[in-house]
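Student: whatever this is, show me its structure:
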Amino acid sequence: MRRLVILALLFGAMQLVLPLGASAHGSQWLLTFGFLILAAYSVGELAVLVRLPKITGYLAAGVLFGPSVFNTVTVDAIGELRPVSSLAIALIAYLAGAELRWDEVRRRGVTIAKILTAELVLGFIAISATLVLLGDRLPFLEGTSGASRLAFAVLFGAIAVVHSPAVVMALLSETRAGGPIARTTLGVVLVSDVVVVVLFSAVLAITRAVVPPTGANVAGLSLASIVWELAGAVFVGALLGGAVALYLRFVKHELVLFAIVVAFFGMVIAQLTHVETLLALLTAGFVTENFSRHEDGEAIRHAMERSAAPVFVVFFALAGAEMGLRQVALVWPLLIPIIAVRTASLWAGTRVGVRWASAPREARDVWMGLVPQAGVAIGLAAAVGQAYPVRGAQMRTLFLAVVAINQVIGPILFRLALNRGGEIAGAAGEPTPVQPHRAIR
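Tutor: Numbering: from 1, shown residues only. Prediction:
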């Protein structure tokens, strides 16, 4: 009840104050930024009360206060706050890379690799084929044909196969599960972020060559530029990660501020050198984590999580605000086959991977932990929206609707898998603890 009262007071205050700042351009978007932090956080807390992830609440707050409903966050304000989304994408990519330690992946690498390969390949092909078959029924494929239709369908498929380490780790922290299902699921979702970002970067580069964005230099979209966009991103990211590791070893001061600076300058350097931003920041996070002392890697990761918290709240709220309800209403029947195909491919792909890896039968339930989508998924969708303002925005709207549904059913399914495996409580009836960064054994 207290959260609802706070929301009502915030909304009323914005309705009174916002007109006063209509002529003051900078003041208006700063006011909107502050309002989104408080309002989205409050809705996120309400979501927790009904056992939903906070991210779902942030998205819901964006929809509620965005142009589709109350229009407290206007289209102009969304445009002014777009740099916040860019910074959030950089932070998400860096943190995804920083979640991986090479020695942990190597211990359980074969099983993880086989399950991940089977479910990603099957899901990527199945979702892309489904979109091609749906064709003109989808707004972002309307009026396309041949190579351009296939390119956009494959681009959507490259985003749709992503998972959510954030949701998995949140549920493991909540349930303190630590059995084979928990460990294998965590390993798969952490490694998948790296694989999917590389896949997405390659597909986006090829899509730009096949369907150049408005105003793009078609002549410059050669094979060499595509190779540089990917290989150069790894090179630039490795240099940035090495520099961060040196800073942590010899300076290690003001880490909260330094974390934001790393993400911001990493994003700028990637743009100046014309390399893929997501892949560069992900590489930087991976290099920093694996070439730093363990305590240094933990320190910069925790500092970045602290500094990124308000940015993420606004980022997810803006993503919800940009999700046009009218467009979603037009395509909602199409959400059912897309989600059904993705879920079926996760189920089938995981079973194939478990049999291929000769893993225990219990591991077949890992697919339930792969259903949720958030974080990197929304970042990838936002990157498409920046590359293709019209079709990319339509694709993002559809994908956010898919994410919203998967965010509701995913945690429920994963909790069910942990319960079925008897992993939430130990043999003595006590919770079995799990440490996310040591869970891959």
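Student: chain center to stretch 73-82: distance?
Tutor: Relative to its chain's centre, stretch 73-82 lies at 21 Å (CA atoms, centre = their mean, to the nearest Å).
Student: am I right that P213 is in a helix?
Tutor: No. Counting by DSSP: H, G, I helix; E, B strand; the rest coil, P213 falls outside a helix, being coil.
Student: surely it is in contact with Y388?
Tutor: Yes. P213 is within contact range of Y388, at 5.7 Å (criterion: CB atoms under 8 Å). C-beta here means a position set from N, CA and C on the backbone, and glycine is covered the same way.
Student: more neighbours, these two?
Tutor: Y388 (23 against 16; other CB atoms under 10 Å).
Student: pLDDT weak spots in the stretch 251-400 of the chain?
Tutor: Counting by pLDDT under 70, the ranges of the stretch 251-400 of the chain that qualify are 324, 327, 374-375.
Student: and A98, how close does it get to F316?
Tutor: Going from A98 to F316 by CB to CB, to the nearest Å gives 20 Å.
Student: send me stretch 333-343 as CSV with only the CA atoms.
Tutor: Taking C-alpha atoms only, stretch 333-343 is exported to CSV below (Å, rounded to 0.1, in the frame of the first residue of the first chain):
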residue,chain,number,x,y,z
PRO,A,333,-1.4,-13.3,-31.8
LEU,A,334,2.0,-13.7,-33.3
LEU,A,335,3.7,-13.7,-29.9
ILE,A,336,2.2,-17.2,-29.2
PRO,A,337,3.9,-19.0,-32.1
ILE,A,338,7.2,-17.2,-31.4
ILE,A,339,7.3,-18.0,-27.7
ALA,A,340,6.0,-21.6,-28.3
VAL,A,341,8.7,-22.2,-30.9
ARG,A,342,11.5,-20.8,-28.7
THR,A,343,10.3,-22.8,-25.6
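Student: that one: which residues count as buried?
Tutor: By neighbour count on 16 or more other CB atoms under 10 Å, the buried set for stretch 333-343 is L334, I338, I339, V341, R342, T343.
Student: and what of stretch 201-211?
Tutor: So for stretch 201-211, counting by 16+ other CB under 10 Å, buried means S201, A202, V203, L204, A205, I206, T207, R208, A209, V211.
Student: tell me which residue is most central in this protein.
Tutor: V376 (1.9 Å; CA atoms, centre = their mean).
Student: so that residue makes contact with I92?
Tutor: Yes. Using CB under 8 Å, V376 is in contact with I92, at 5.6 Å.
Student: residue contacts, W356?
Tutor: K114, I115, A118 (CB atoms under 8 Å, 6 or more residues apart in numbering).
Student: now render those residues as a markdown table, adding neighbour count.
Tutor: Output for the contacts of W356, formatted as a markdown table (neighbours: other CB atoms under 10 Å):
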| residue | neighbour count |
| --- | --- |
| K114 | 18 |
| I115 | 31 |
| A118 | 21 |
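Student: from those, which land in helices?
Tutor: Under the assignment DSSP state H, those contribute K114, I115, A118 to helices.
Student: wait, which of those residues is closest to D193?
Tutor: Nearest to D193 among the ones in helices among the contacts of W356, counting by CB to CB, is I115 at 14.9 Å.
Student: separation between the closest residue in space to the closest one that isn't next to it in sequence and I269?
Tutor: Nearest non-adjacent residue to I115, counting by CB to CB, 6 or more residues apart in numbering: G353, 3.4 Å away. To I269, G353 is 37 Å away according to CB to CB.
Student: A88 too?
Tutor: From A88 to I269 the distance is 17 Å (CB to CB).
Student: neighbour count winner among these two?
Tutor: A direct count of neighbours by other CB under 10 Å for A88 and I269 places A88 higher, at 24 against 18.
Student: for the record, mean pLDDT for the strand or helix carrying that one?
Tutor: Using DSSP states H and E, A88 sits in helix 82-98. Averaging pLDDT along helix 82-98 gives 82.
Student: for that helix, packing partners?
Tutor: Other helices and strands packing on helix 82-98, by 3 or more CB pairs under 8 Å, 6 or more residues apart in numbering; DSSP states H and E, are helix 180-210, helix 255-272, helix 277-290, helix 294-321, helix 376-387.
Student: if we can go back for a sec, pLDDT and distance to S225 for the buried residues of stretch 201-211 - can I get that in CSV?
Tutor: Below are these laid out as CSV (pLDDT from 0 to 100; distance: CB to CB, whole Å):
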residue, pLDDT, distance to S225
S201, 84, 13
A202, 87, 13
V203, 90, 15
L204, 88, 13
A205, 85, 8
I206, 88, 11
T207, 89, 13
R208, 87, 9
A209, 85, 8
V211, 86, 15
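Student: now those as CSV including distance to G422?
Tutor: Formatted as CSV, the buried residues of stretch 201-211 follow (distance: CB to CB, whole Å):
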residue, distance to G422
S201, 40
A202, 41
V203, 40
L204, 42
A205, 45
I206, 45
T207, 45
R208, 48
A209, 50
V211, 50
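Student: mind listing what K54 touches?
Tutor: K54 neighbours (CB under 8 Å, 6+ apart): G44, E45, A47, V48.
Student: looking at these, which has the most residues close by?
Tutor: G44 (23 neighbours).
Student: got the contact list for that residue?
Tutor: By CB under 8 Å, 6+ apart, the contact set of G44 is K54, I55, G57, Y58, A61, V313.
Student: where's the closest residue in space to G369 that isn't next to it in sequence relative to K114, distance?
Tutor: Leaving aside its chain neighbours, G369 sits nearest to T185 (3.6 Å; criterion: CB to CB, 6+ apart). According to CB to CB, T185 stands 14 Å off from K114.
Student: what's the answer for M395, then?
Tutor: Distance from M395 to K114, by CB to CB: 31 Å.
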